[in-house]
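In: whatever this is, show me its structure:
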Amino acid sequence: MGDLIGHWPLAGNAGNRAAADLQSSPADIEFGHAGPDGKPDTAAAFNGRSSCIEIADHPALDLGQDDFAITAWVNSDADRHDVAGSILSKYDPELRRGMHLYIATNDGVTSAALANARQLSFGIDDARADQTWADCGRPGNAVKIDTLSVVNEELYAGTLEIGADECGHLWRYAGGQDWVDLGNPVGCNAVRCLVEFNGDLYCATGRYALAGSCLGEILNTTPGGQVFRLTAEGEWIYCGHPGEAVGLPDDMDTGEYNFGKADDATSLQVWNGSLYVVSNHIKGVWRYDGGTEWTCVGPDSRVLSLTVYRGALYALGNGGPIYRFDGGNEWTDCGTPEGSTQNYGAATVRGELYVGTWPGAEVFRYAGDNNWQGFGRVGYEMEVMAMTMYNGKLYVGSLPMAHAWRMEETGDDRQFDVIANLDETPVKLRRLWSMAIHDGRLYAGTLPGGRVFAFEAGKMATWDRRFPGGWHHLAAVKRGGSLELYVDGVLQASSTPFLPGDFTLGNTCPLSIGFGADTYFSGMMSDVRLYRGALDHGVIGELCGNGEG
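Out: The predicted structure follows:
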């Protein structure tokens, strides 16, 4: 049994019931809610925008190299909150040191949009990282890893192939450098993106315009743009062709980019209980109405990618503007990052929206209304593509060098340090296009090498499933050289092994409940606890009411 450092029942206030004299400062917390047992005034609601409890640093919170455990009851309300956010964190982003427990969503990842959806994550770090990226292979004859998505504990890749008799495929990762081919029902040159919606897998196809990547003319001219549902048996069920009725005829010459044609469906996204997609070469965002029906909900602009931020759907425009959608048919113009003509990627960092741009390869932070704060050019690049939060830090991919970069912070200053070059193909343009978190590691896909690579910074345990709604008991345990994640008393995920002496976690930042490196928590919490020492399975079972543990 561990020693209880902090215990916050969240029953009417933010007070600590453990022995340590920890000072708690709640902000925008709504107390008085019923907890997991239905009793009133045993839980607190967090609004996902500004709610948190900050506990001032204290010697009792210095975990050093010790084992520890976090437990909590959470209700993230999957039907209303697409992004759940941080549960508990004591992490210094400048030192890259500390620990955090959160439900991660990585969306707005180039045109693929949703790489990770509501996946429980537990991480520690002490500025440690692998010096090499593992080569996870080349699926088929891929020249581009168009999407990396994690669904139901599996990593999927959608690819582009450019031969006249070739087509893109959907692949499932089988470990090492092995991939399982799941096909392409249309035969077009690209499989663009994959998401889980209402428990099913949905996949979008495309005819990728090769000219923008200096890959020559399109040899396989089969149009994409269709969306399919994949069954557990591997059958592709046709779910319609967004924008087909308004797209230009396929035999009409519109130039090498096919603007005006509904031949390229990208950026599948789930928001507010509905499925959305972009038809890349025509204007607007399309909402799925069931069967094979889709409705355009605006805006009157071409869109490259979709991201969810503070409960609203944001569209990253081709042409510069970024739009916010709160429902209905109205979109709010949120302005254009200075100098940007294309915005491919987005990520939420400590509760704020960041986007990447072309042609200046700058990263901007949204400052409200029409205002964007720029942080300068990312190295010597021209475009910021994939953007992903991984174990407390923002990682981005770039063009034309296919570099991976990590954002470092000192006060209000931001800079990007290059950590790898992932494609050395001797061509004019190389891209690090896609990213996703799987089994505790950051995966990245390239163009034109068409390979997938994996990297580990610190240590993470991730439960790679969409976190369910309703009340659930969580336990995150550092036990010797392993991190463990329990849901309702059942061990669901573990990290790769490590030497405990490699990680000293103490820092002077406050402990936060409901806020962390990614974003604010949306939903309710009850009975949050922090222990020094690892809890055994039986104690975890008792805390969640599961006598078997």
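
In: walk me through the domains of the chain.
Out: 3-77+469-544, 128-461 (automatic domain parsing).

In: Ile103 is nearest to which of those domains?
Out: Nearest of the domains of the chain to Ile103, taken as C-beta to C-beta: domain 3-77+469-544 at 6.1 Å. Quick note: C-beta positions are derived from backbone N, CA and C, even for glycine.

In: columns mean pLDDT, mean neighbour count and distance to Glu94 on top of the domains of the chain, output as JSON lines?
Out: Supplementary listing: the domains of the chain in JSON lines, determined by pLDDT from 0 to 100; neighbours: other C-beta atoms under 10 Å; distance: least, C-beta to C-beta, whole Å:
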{"stretch": "domain 3-77+469-544", "mean pLDDT": "96", "mean neighbour count": "19", "distance to Glu94": "9"}
{"stretch": "domain 128-461", "mean pLDDT": "96", "mean neighbour count": "20", "distance to Glu94": "5"}
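
In: now the ones you listed in TSV, with distance to Ala113?
Out: Formatted as TSV, the domains of the chain follow (distance: least, C-beta to C-beta, whole Å):
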stretch	distance to Ala113
domain 3-77+469-544	17
domain 128-461	4
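
In: quick one: which of the ones you listed is nearest Gln119?
Out: Gln119 sits nearest to domain 128-461 of all these, at 6.8 Å, using C-beta to C-beta.

In: how near is the one residue sitting closest to the centre of the chain to Asp82?
Out: When the chain is reduced to its mean C-alpha position, the closest residue under C-alpha atoms, centre = their mean turns out to be Asn106, at 0.9 Å. Noted for Asn106: a distance of 12 Å to Asp82, by C-beta to C-beta, to the nearest Å.

In: can you check Gln415 too?
Out: The spacing between Gln415 and Asp82, counted by C-beta to C-beta, is 31 Å.

In: got the contact list for the residue nearest to the centre of the chain?
Out: Asn106 makes contacts with 114-116, 347, 388-389, 435-437, as judged by C-beta atoms under 8 Å, 6 or more residues apart in numbering.

In: just give the nearest non-adjacent residue to Leu474, would you?
Out: Ala72 (5.3 Å; C-beta to C-beta, 6 or more residues apart in numbering).

In: again, but for Trp236
Out: Counting by C-beta to C-beta, 6+ apart, the nearest residue to Trp236 once its immediate chain neighbours are dropped is Pro185, at 4.0 Å.

In: mind checking the SS state of that neighbour?
Out: Secondary structure, DSSP: H, G, I helix; E, B strand; the rest coil: Pro185 is coil.

In: so it touches Glu235, yeah?
Out: No - counting by C-beta atoms under 8 Å, Pro185 does not reach Glu235; the two are 9.2 Å apart.

In: and Ile437, what element?
Out: Using DSSP states H and E, Ile437 sits in strand 431-438.

In: tell me the strands beside that strand, with direction?
Out: Partners of strand 431-438 in the sheet, by DSSP bridges, are strand 441-447 (antiparallel).

In: beyond the strand it pairs with, next helix or strand please.
Out: strand 452-455.

In: what's next to that next one, contact-wise?
Out: Strand 452-455 has contacts (C-beta under 8 Å, 6+ apart) with 129-130, 133-139, 145, 148, 157, 173, 404, 419-420, 422, 438, 441-446.

In: partner strands of the helix or strand following that strand, parallel or antiparallel?
Out: Where DSSP H and E defines the elements, the next helix or strand beyond strand 452-455 is strand 457-463. Applying DSSP bridges, strand 457-463 is found paired with strand 116-129 (antiparallel).

In: got the CA positions of the strand it pairs with in CSV?
Out: Provided in CSV are the C-alpha atoms of strand 116-129 (Å, rounded to 0.1, in the frame of the first residue of the first chain):
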residue,chain,number,x,y,z
ASN,A,116,-5.8,9.6,-31.9
ALA,A,117,-9.3,9.9,-30.4
ARG,A,118,-9.8,10.1,-26.6
GLN,A,119,-7.0,7.6,-25.7
LEU,A,120,-5.9,7.3,-22.1
SER,A,121,-2.2,8.1,-21.7
PHE,A,122,0.2,8.1,-18.7
GLY,A,123,3.7,9.5,-19.2
ILE,A,124,6.9,10.4,-17.4
ASP,A,125,10.0,12.2,-18.7
ASP,A,126,13.3,13.6,-17.6
ALA,A,127,14.5,15.0,-20.9
ARG,A,128,15.3,11.5,-22.2
ALA,A,129,14.8,10.3,-25.7
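
In: which positions in that strand come out as buried?
Out: Going by neighbour count (16 or more other C-beta atoms under 10 Å), the buried part of strand 116-129 is 116-126, 129.
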